[in-house]
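In: pasting the structure only:
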């Protein structure tokens, strides 16, 4: 969708925008299901990148210590707990610049993916940059979706990250799509960006061909020690407005209410669900169903008459849109 169209949508009266986004949602998502995703950091800290928002960067003094890749048995224990608590997608993230085929750590990740996939859970990973060979190996091992956010607009990106480029992000996404995996790609609100930056980010994502399978909309949680630690909190109405525009721009994607959700009231979350969000990260620390955060989420979904989406590992990745350019196309 063109920036001019996105801008026109964004500036509509709030309730008119939400009415339109809800109509689009109901047209494409008739089951009112919410995808419950659990995120686990399988390798924390010590990252060589300088992403201004990230406490895992080795360049900042955030108190996050560099750790080794978690043992497979511990990861599987967490995956079983996530499945027991109702999650249908298990997302594993590692604080690396990227991975290379043939290395010990990449082979370890492939083995972990195979084990998690055997639980019949959808498997999502985010490991940094990927080449063609690595993307193909992950898909063959059982990865259903690869998360690689573009964070912000191409114009604002150099203000947030300098150790890799916006085009590097697009290159990885292209490799993921070519390998047959679904793309999970979104951004972060609260990076000091303008409304124009937010809409330019969405313009890029909405023009992916194949389209993204899911779009996380994150609200920055300023981390002490990072360059963005003093950033102002994102307004809940701005978040809902952005979710609504995202729902209209990419109607077939799951729009994920992601980082920052724990700071929202139940009422604000309900507004975001009405605007078109139909996926969340579930459970604050990936514990069992006795975790109060998990129970709170369950109760909220019940109040809103929303049901958890069932796992579907066999769902195909989004297809190419005929007669449209293949994208993203790195320069």
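Out: Structure received. Here the structure is a predicted model, which means the values were calculated and not measured. Numbering: from 1, shown residues only.

In: now the helices: where do they sit in the chain?
Out: Along the chain, counting by DSSP state H, helices occupy 3-10, 14-28, 72-84, 104-117, 132-141, 157-160, 166-179, 195-206, 236-249, 266-275, 292-303.

In: Tell me the spacing between the closest residue to residue 224 other than its chain neighbours and residue 262.
Out: Computed as Cβ to Cβ, 6 or more residues apart in numbering, the closest residue to residue 224 that is not its neighbour in sequence is residue 62, at 6.3 Å. Placement of C-beta: from N, CA and C, glycine included. Per Cβ to Cβ, to the nearest Å, residue 62 is found 19 Å from residue 262.

In: Name the helix or strand of the chain that has the lowest mean pLDDT.
Out: In the chain, no helix or strand scores lower on mean pLDDT, DSSP states H and E than helix 292-303, which sits at a mean of 86.

In: Tell me which residues of it come out buried.
Out: Neighbour counts over helix 292-303 (16 or more other Cβ atoms under 10 Å) mark 294, 297-298, 300-301 as buried.

In: how far out from the middle of the chain is that helix?
Out: 21 Å (Cα atoms, centre = their mean, to the nearest Å).

In: and what of stretch 146-165?
Out: 14 Å.

In: average pLDDT for that stretch?
Out: Averaging pLDDT along stretch 146-165 gives 96.

In: Closest one to residue 25 out of the buried residues of helix 292-303, please.
Out: Residue 25 has its nearest neighbour among those in residue 301, at 16.0 Å by Cβ to Cβ.

In: Hmm, the closest one is touching residue 307, no?
Out: Yes. Between residue 301 and residue 307 a contact is recorded at 7.3 Å, counting by Cβ atoms under 8 Å.

In: Now do the shared contacts for these two.
Out: residue 34 (Cβ atoms under 8 Å, 6 or more residues apart in numbering).

In: coming back round to it: out of the helices of the chain, which one sits most buried?
Out: Among these, judged by mean count of other Cβ atoms under 10 Å, the one packed with the most neighbours on average is helix 236-249 (a mean of 24).

In: just curious, which of the buried residues of helix 292-303 is nearest to residue 255?
Out: residue 301 (15.8 Å).

In: For that closest one, give me its contacts.
Out: By Cβ under 8 Å, 6+ apart, the neighbours of residue 301 are 34, 307-308.

In: Neighbour-wise, which one of the residues you listed leads?
Out: Note: the member of the contacts of residue 301 with the most neighbours is residue 34, at 24 neighbours, neighbours being other Cβ atoms under 10 Å.

In: What count of nearby residues applies to the residue nearest to that one when sequence neighbours are not counted?
Out: Spatial nearest neighbour of residue 34, excluding adjacent residues (Cβ to Cβ, 6+ apart): residue 306 at 5.0 Å. By other Cβ under 10 Å, the residues close to residue 306 number 17.
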